[in-house]
Structures are given as structure tokens and as C-alpha cells.
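Engineer: Predicted structure and sequence below. I'll ask about it afterward.
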Protein chains: 2
Amino acid sequence: MGIKATPRSTPAAARSRTPRSIHASGHRTGLFADCPDLIGTPFSYAREEEIYGEGEEAEFVYRVVEGAVRSHKVLSDGRRQITGFHLAGSLFGFEQGEVHWHTAEALSDTRVLIFQRRPIERAATRSAEVACQLWSMATANLRDAQDLTLLLGRRSAQERLAAFLIEVDGRFGRTGTFALPMTRRDIADYLGLTIETVSRTFSQLEEEGALRRAGGRQITLHRARLRHVVET
Amino acid sequence: MGIKATPRSTPAAARSRTPRSIHASGHRTGLFADCPDLIGTPFSYAREEEIYGEGEEAEFVYRVVEGAVRSHKVLSDGRRQITGFHLAGSLFGFEQGEVHWHTAEALSDTRVLIFQRRPIERAATRSAEVACQLWSMATANLRDAQDLTLLLGRRSAQERLAAFLIEVDGRFGRTGTFALPMTRRDIADYLGLTIETVSRTFSQLEEEGALRRAGGRQITLHRARLRHVVET
DNA sequence: CGTCCAATTGAGCCACGTCAACCGCTGTGG
DNA sequence: CCACAGCGGTTGACGTGGCTCAATTGGACG
């Protein structure tokens, strides 16, 4: 659970690098787009590498440039709940307060932009616009978290997986065909299931013609039928 | 599920009332405490009365003065997930965007202060301080939602109920003795269980000496044992 | 071609859900 | 003052969706 790969380099090292300007693509919110003085430092993480851990001081925030990241919490006995996946363009690690209250790990080799949290928070205390963007971001995350709450509290395995696949499809541009960036274990820990149940549910959905699998990760959705599974 | 009592009066009527200044007690965040120009209008709701519905235009936000409120979402087939309880002092209904994405109902006869959302949002675009408070509030709600996510995704019935009772005790001042303001159905719909399972779990916890019941709602906790059930 | 690990599949079990009976309090009407 | 209806809560019997344990398959890579 959460195998740690050897870090290529440390955030401290990243901080000492010369920042280069790059423009982020596909961001969900416009935050930082209109803050030309906030330049992120490019950085990379290997597959399964930890980006930050729960309880660590929250010095940086991150934007995914390429790859994917998961945020999760673990109980002492190892049970894990993933609270979100961050794909290209999305910002994560912005958890107000002095410490991170999640652990973040790279799903695959991932490039990010790193920003120092302090200057952004200081900017927020001066600029209502920045603060409103942070508010807006927190609100979007809140809505996602509450949707997940409904999913976990009241939906069956089929409904959970179907809703999840529709969500991922949406993030990949609603093409209906994509490669899942996460393992069955990640999906299980996001949906509050076991890998076996996830696997069986994939099989059921495939039997019902709601999707087709190719090589485990590659998926083609039959969106109408999937949406029918989710209803509401 | 969500029986609607006859409203005593409507929010529209509240809007036309003369605002009276009162000071809110026991608020979780200081929001509005230092905004003397933002005066709330007192208003009341009867037990089980709907305060606002999902999809309605979000014209007001609310602070509980006395009583308790639940926020929830429902699926088309009636399955319900309560996403939060709001006790005296807490602010709710502030769900950025034009419409509410929850339904809110009074658990018992409840007094609130109503604030118009528009002026607050306008204030936020002008004052970084106000915007930061809104951000901070959203962040606190986000943390709660993600804790609930872990609870629903990965914990057993006993752990859920124990964690819930500790949480409620905390909100009532950590006395260890209190009357639950909500029914078993509400608890079940918050914890993603059925009323029968909640009831049986109460019985188990009582057998194990982790709490004592008196008349259904009145509870005395054995905090050490309850905490032991939750661990982590 | 062999190794490794993700994924699938099967068999059996159990925590929690379902269905149903019953209890006890409260309010109401005779 | 009692009878009774209504409702929240508890308990029992039984069903089942998802979990556990275990074996097998399949794809990626050396």
C-alpha cells in the first residue's frame, strides 16, 4: 500500500533551481493564469513516488502538467481512502493550515509545477481577487468531496464504478475511450471497495454491454448504458 | 423521508422584516463577527421544515442561533445521504454558485439568522479579508467532508457510530452527556447505514460499556472506550 | 522463454440490509 | 382518566452484496 519509489530529487532541490516560465494547459480553474508573478518551478516524480505526506509541513502547492496524482488518507491498520485523483491541469496540495492532511503520490511518472504556498497566501490577504479564486477552488473541491460522500454512503458497487468511469471520461474530454491512469487498487480505494469487487464489477458491466476492456487499463464506454446504471 | 411541515412563514416574508441586531454566540469561525454592516435577519423554522431545496436559487445564507439543521442530497429512488449537521453557531447554505446543491431542513424547531448572499459575495470581491474568511470556511467544510469520506469508505458500523458520537460530544462541549438532536434515521443517513444497524450498533456499544442510553436520545459516553473503538 | 505483478475468477463467509413484529412514549379524544 | 393511534426505537429471523482467501490468467519486460 503506497510503495515508495526512490525520489529522483527532493523538493528542497527544486527550490534551488532556476524557475522557468511555462504555460500550464488544461487547468480547471484560472488560478495563477492571471498572476504572472507567480511562476512555478518544474519538477518531476516517478511512478508511485510520494509527493508529500500527511502531517508534513505544507510548504508547496502543485499543478499537474503531465501524468496523474492521487491524494489519500490511511488508517493505522492500512485501510486507505483515496479522496481524489489529480490529472493534467489540476491544482493540489492547497490545504489551508500549516500541514498537509493528506498524502499525495504520483500514479505514473508525473511532471508538476511547484509553487510556494506562503507567497500565495500573502497575496490572498492583499488581493481580494486571489482570495476569491482560492475560495472558488476550495468550493469546487468541496462539491467533489460531497459527491463522493453520496457515492460512498448510498451507492452500489455497479453505480460507483459506472459513475467513476463517466467522471474519468469527462476529465479526458468525453471521448468515450481512454486508458485508466490508475490501478484496480487505486480505483478500489477511491470507491470504498476491494480490488476483487472492482474487477468483478468491470466484468458485469462488460457483460451488460456498458463498456469494453482491452488489456486491463484501456476502456471504451457505452455512455448511454453506463448513465442508465447511475440514473439520477 | 424529509416530511415537510407547514412553513410558519416564508424567506420572502423574512426579507421584508426589519432587521434587528443580535450577536451570534458560539460561532465556529469569526466570519461576520467583524463585519458590523452585515446584520442578519432572525427567522424560525419548525421541526422537519425545509429551509431550502437542492436546485433552488441560493439567495440567502444562514447561521444557526438555536436548534439544529441537516444538509442532504437524495437520489431519485429516495436513498438519502446527509452531508452535515449544523448546530448552534454554525453557518450553512454558503454553496458558491447560483443554486443550492443540497437540501437543508430543520431537525427541531430552529432559530437562524438569515443573510443575503449577494452583498457578502460583493464584499468578498472588494475585501481580501472577507474573501479569506470565506475561503477558510470552505476549507473547514472540505476537511469535514473528506473525513466523512474516509468514514464511509473504510470504516465499520461500530467505528462510524463511535466516531460520530465523539464528534457530536465535541460539538456539545465535550461533557460526555447530551441529547442527540437527530433521529436514528438521520444518523443512519449520515453514516451510510440503516436505522436497524444504527440501533443494533448502539446496543453493542452499550453492552461493551462504551456508552449508556436513556430514553433513546439521551446518551452518556465512556469516551476512552469509544475512542478505543475508533483507534487511529 | 521465464519472471513479475496486475488483473481476473471462483468458493465460501459475514457484516450489514431487509422484512416484520413488538415496545414504549406521547398526544388526543372520549 | 383511560383507550388508542402514531411514531420513534429496538429486536429477531433471514437474505445478500461485497469481502476474504486462494488459484489462475495475462501482459510487460528482460
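Structural biologist: Here it is on my side, so go on. Residues are numbered from 1 along each chain as shown, chains lettered A, B, ... in the order given.

Engineer: Helix or strand: which one has A:Arg70?
Structural biologist: strand A:69-74 (DSSP states H and E).

Engineer: Residues touching that strand, excluding its own?
Structural biologist: For strand A:69-74, contacts defined as C-beta atoms under 8 Å, 6 or more residues apart in numbering or on different chains pick out A:1-2, A:45, A:51, A:54, A:62, A:80-86, A:92, A:101-107, A:110, A:112, A:182, A:186, A:189-190, B:146, B:150. From N, CA and C alone the C-beta is placed, and that goes for glycine too.

Engineer: Tell me which of these fall in strands.
Structural biologist: A:45, A:51, A:62, A:80-86, A:92, A:103-106, A:110, A:112 (DSSP state E).

Engineer: Which residue ranges of chain A form helices?
Structural biologist: Using DSSP state H, the helices of chain A run over A:11-16, A:117-126, A:128-154, A:157-171, A:184-191, A:195-207, A:223-230.

Engineer: Mark which of the contacts of strand A:69-74 are buried, thanks.
Structural biologist: A:45, A:51, A:62, A:80-86, A:92, A:101-107, A:110, A:112, A:182, A:186, A:189-190, B:146, B:150 (16 or more other C-beta atoms under 10 Å in any protein chain shown).

Engineer: Domain map for chain A?
Structural biologist: A:11-150, A:155-230 (automatic domain parsing).

Engineer: just so I know, which of these lies nearest B:Gly40?
Structural biologist: Nearest of these to B:Gly40, taken as C-beta to C-beta: domain A:11-150 at 20.4 Å.

Engineer: Quick check: pLDDT value at the residue of chain A found nearest DNA strand D.
Structural biologist: Chain A approaches DNA strand D most closely through A:Thr197 (3.1 Å), counting by C-beta to the nearest atom of the strand. For A:Thr197, the pLDDT comes out at 98.

Engineer: tell me the contacts of the nearest residue to it once chain neighbours are set aside?
Structural biologist: Of all residues not flanking A:Thr197 in the chain, A:Ala157 sits nearest, at 5.3 Å (C-beta to C-beta, 6 or more residues apart in numbering or on different chains). Contact analysis of A:Ala157 by C-beta under 8 Å, 6+ apart lists A:Leu191, A:Leu193, A:Thr197, A:Val198, A:Thr201.

Engineer: again, only this time at 6 Å
Structural biologist: Counting by C-beta atoms under 6 Å, 6 or more residues apart in numbering or on different chains, A:Ala157 makes contact with A:Leu193, A:Thr197, A:Thr201.

Engineer: same thing with A:Arg225?
Structural biologist: Residues counted as contacts of A:Arg225 (C-beta under 6 Å, 6+ apart) are A:Ala210.

Engineer: Mind pulling the model confidence for it?
Structural biologist: According to the model, A:Arg225 scores 96 on pLDDT.

Engineer: Equivalent analysis for A:Thr18, please.
Structural biologist: 30.

Engineer: Buried residues, stretch A:166-174. List them.
Structural biologist: A:Ile166, A:Val168, A:Asp169, A:Arg171, A:Phe172.

Engineer: okay, those in a markdown table with pLDDT and distance to A:Arg213 next?
Structural biologist: Converted to a markdown table, the buried residues of stretch A:166-174 look like this (pLDDT from 0 to 100; distance: C-beta to C-beta, whole Å):
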| residue | pLDDT | distance to A:Arg213 |
| --- | --- | --- |
| A:Ile166 | 98 | 16 |
| A:Val168 | 97 | 14 |
| A:Asp169 | 97 | 14 |
| A:Arg171 | 94 | 19 |
| A:Phe172 | 93 | 16 |
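
Engineer: from those, which two are the most distant?
Structural biologist: Counting by C-beta to C-beta, the most remote pair of these is A:Ile166 and A:Phe172, 11.0 Å apart.

Engineer: least reliable of the domains of chain A going by mean pLDDT?
Structural biologist: Averaging pLDDT over each of the domains of chain A puts domain A:11-150 lowest, since it has a mean of 84.

Engineer: does it come close to DNA strand C?
Structural biologist: No: Domain A:11-150 stays clear of DNA strand C (C-beta under 7 Å from any atom of the strand), getting no nearer than 8.5 Å.

Engineer: ok, back up a step: and the contacts of A:Ala157, which are buried?
Structural biologist: Here, 16+ other C-beta under 10 Å leaves A:Leu193, A:Thr197, A:Thr201 buried among the contacts of A:Ala157.

Engineer: Export the helices of chain A as a markdown table, with columns for distance to B:Thr232.
Structural biologist: Formatted as a markdown table, these follow (distance: least, C-beta to C-beta, whole Å):
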| stretch | distance to B:Thr232 |
| --- | --- |
| helix A:11-16 | 27 |
| helix A:117-126 | 27 |
| helix A:128-154 | 18 |
| helix A:157-171 | 24 |
| helix A:184-191 | 16 |
| helix A:195-207 | 22 |
| helix A:223-230 | 32 |
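
Engineer: Quick one: closest of those helices to B:Leu221.
Structural biologist: Nearest of the helices of chain A (C-beta to C-beta): helix A:128-154, 23.8 Å.

Engineer: Report the inter-axis angle for that closest one versus helix A:157-171.
Structural biologist: Compare the direction of helix A:128-154 with that of helix A:157-171 by axes from the mean of the first three to the mean of the last three C-alpha atoms, to 10 degrees and you get 150 degrees.
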